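>>> show me how the following folds:
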Amino acid sequence: MQNFTLREVKYEQIKEELCTIGFDSSYLNKAANKFRYKNIKIYNLKPAQANILKQTALIFGADCAVNRNVITGSIEKSDAILCGSFSQLEKIAAKLKGQPFKLGILADEITEFLKQNKHCTKLAGILNVTPDSFSDGGLYFDSDAAIKKLEELIIDGADMVDIGAESTRPGAEETSPQEQIKRLDKVFKFISKSNLKVLISVDTRSSEVADFVLSNGANIINDVSGFEYDSKMPEVIAKYNAGVIIQHSKASPAETPNYENIIDEIFLALKQKIETAQNTGIKDIIIDPGIGFGKSRENNLKLLDSIQAFYSLNCPVMVGLSRKRILGINEDDNNLKDIFTLAYSYPLIKAGVDFLRVHNVKLHKDFLNSLPT
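Next up is the predicted model:
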């Protein structure tokens, strides 16, 4: 009796493995797409669109899950999950080109979807000029200490420095725009006269603070409220042709609202905010699912596991989990928290997340440099 030996092969190794078994090398690139699979969720299809999509998928040996009532036409809309190899999905898109009900538009969007590539991860160093931030409150409240830390983050390899003058830790009191500007004033006098080689972001919900820092050398506003706190924020950012980091925040960090489908809810909320930003004239947009902001630890872990879902929004993705409660070591020192942060960050780096927002830039930069290219 013959015994068989089986092992899993990841797509990243498929070309090497095909060569190992003696596959025809002239057909290697085309064949590789047959082993590369993707599941695509498509929202709000009409029954006719959903039916045609499903039948087209079946023609090419792929599949498409739709609402059970699509076949009867008794519902107005259905989401769908289209799954198949890249080779199959490319053929499905080509076939949809000639179909009615605007499915030619969907074909173009599927084609663009398949072109998405993961990027090299960049680092946004955290600089809190506050007396009460959760892990480093008071350390850089003095302006001279803050400037020294800014220079240190740049030397350590930060691609961006995110400066905040208002704590967003659970239970923190609001800081007025005037007080934030007072805390930032000396730091931005230094920034405005320096030729820094990094992006400068400011973590604020206030359009008044945004106006001040953008007129003094900042490049990006990191709005943790996602435009919910101050409706004037998009206009101010657009006025300076600056960039924005739009974070999802359904509630304050201390609250944990219910989610029926957390990935869907955050994905669609960020999509709407991206459209708001674009309609205001903002071109450079980074999105952040908001780890720790109105989410349970279980919610946060699910977001990390599903981070690639947000790549479909076609904006760079930032994740900030540095020293947060998700690590499960709230009472330990920052050195241990930084090690845990790196451990949680590694799957995100492998998944090609665009930015990690971290306190310990040097640790993460050294690790990134140690990875094979």
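
>>> at the geometric centre of the protein, which residue sits there?
Central residue of the chain (Cα atoms, centre = their mean): Val317, 2.5 Å from the mean position.

>>> next up, the contacts around that residue.
Shown in contact with Val317 (Cβ atoms under 8 Å, 6 or more residues apart in numbering): 286-289, 307, 310-311, 353-355. Backbone N, C-alpha and C define where each C-beta goes, glycine included.

>>> looking at those, which is nearest Thr121?
Val353 (5.7 Å; Cβ to Cβ).

>>> is it true that Asn51 touches Asn67?
No: shown here, Asn51 and Asn67 do not form a contact pair, counting by Cβ atoms under 8 Å, at 10.9 Å.

>>> tell me which of those two has more neighbours.
Neighbours per residue (other Cβ atoms under 10 Å) separate Asn51 from Asn67, with Asn51 holding more: 18 against 15.

>>> okay, and the more buried one sits in which element?
Using DSSP states H and E, Asn51 sits within helix 47-59.

>>> model confidence over the helix or strand that comes right after that helix, on average?
Downstream of helix 47-59, the first helix or strand assigned by DSSP H and E is strand 63-66. Averaged across strand 63-66, pLDDT comes to 98.

>>> for the helix holding Asn51, which positions count as buried?
47, 49-54, 56-57 (16 or more other Cβ atoms under 10 Å).

>>> tell me which stretches of the stretch 101-250 of the chain form helices.
103-113, 143-156, 177-193, 207-214, 233-239 (DSSP state H, counting those that start in this stretch).

>>> most tightly surrounded among the ones you listed?
Highest mean neighbour count among the helices of the stretch 101-250 of the chain (mean count of other Cβ atoms under 10 Å): helix 207-214, with a mean of 23.

>>> so Asp156 touches Val358, yeah?
No: in this structure, Asp156 sits apart from Val358 without contact. The criterion is Cβ under 8 Å, and the distance is 10.1 Å.

>>> find residues that contact each of the two.
Gly125.

>>> give me the beta-bridge partners of the residue nearest to the centre of the chain?
With DSSP bridges as the criterion, Val317 is bridged to Ile287.

>>> do a quick rundown of the strands in the stretch 1-150 of the chain.
Ranges of strands in the stretch 1-150 of the chain, per DSSP state E, counting those that start in this stretch, are 37-45, 63-66, 78-85, 122-128.

>>> can you list the helices and strands that the last one packs against?
What that stands for is strand 122-128. Judged by 3 or more Cβ pairs under 8 Å, 6 or more residues apart in numbering; DSSP states H and E, strand 122-128 is in contact with helix 143-156, strand 160-164, strand 355-358, helix 361-370.

>>> same question for the third one.
For strand 78-85, the elements it packs on are strand 37-45, helix 47-59, strand 63-66, helix 86-96, judged by 3+ Cβ pairs under 8 Å, 6+ apart.

>>> include distance to Ser225 when you put those into a markdown table, please.
Below are the helices and strands packed on strand 78-85 laid out as a markdown table (distance: least, Cβ to Cβ, whole Å):
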| stretch | distance to Ser225 |
| --- | --- |
| strand 37-45 | 25 |
| helix 47-59 | 36 |
| strand 63-66 | 35 |
| helix 86-96 | 37 |
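
>>> what residue ranges in the chain score low on pLDDT?
Residue ranges of the chain with pLDDT under 70: 132-138, 171, 251-254.

>>> so what's Asp140 up against?
If you look again at residue 140, you'll see it is Tyr, not Asp. 127-129, 146, 149.

>>> does Leu184 touch Val129 like I think?
Yes: the criterion here is Cβ under 8 Å, and Leu184 meets it with Val129 at 6.4 Å.
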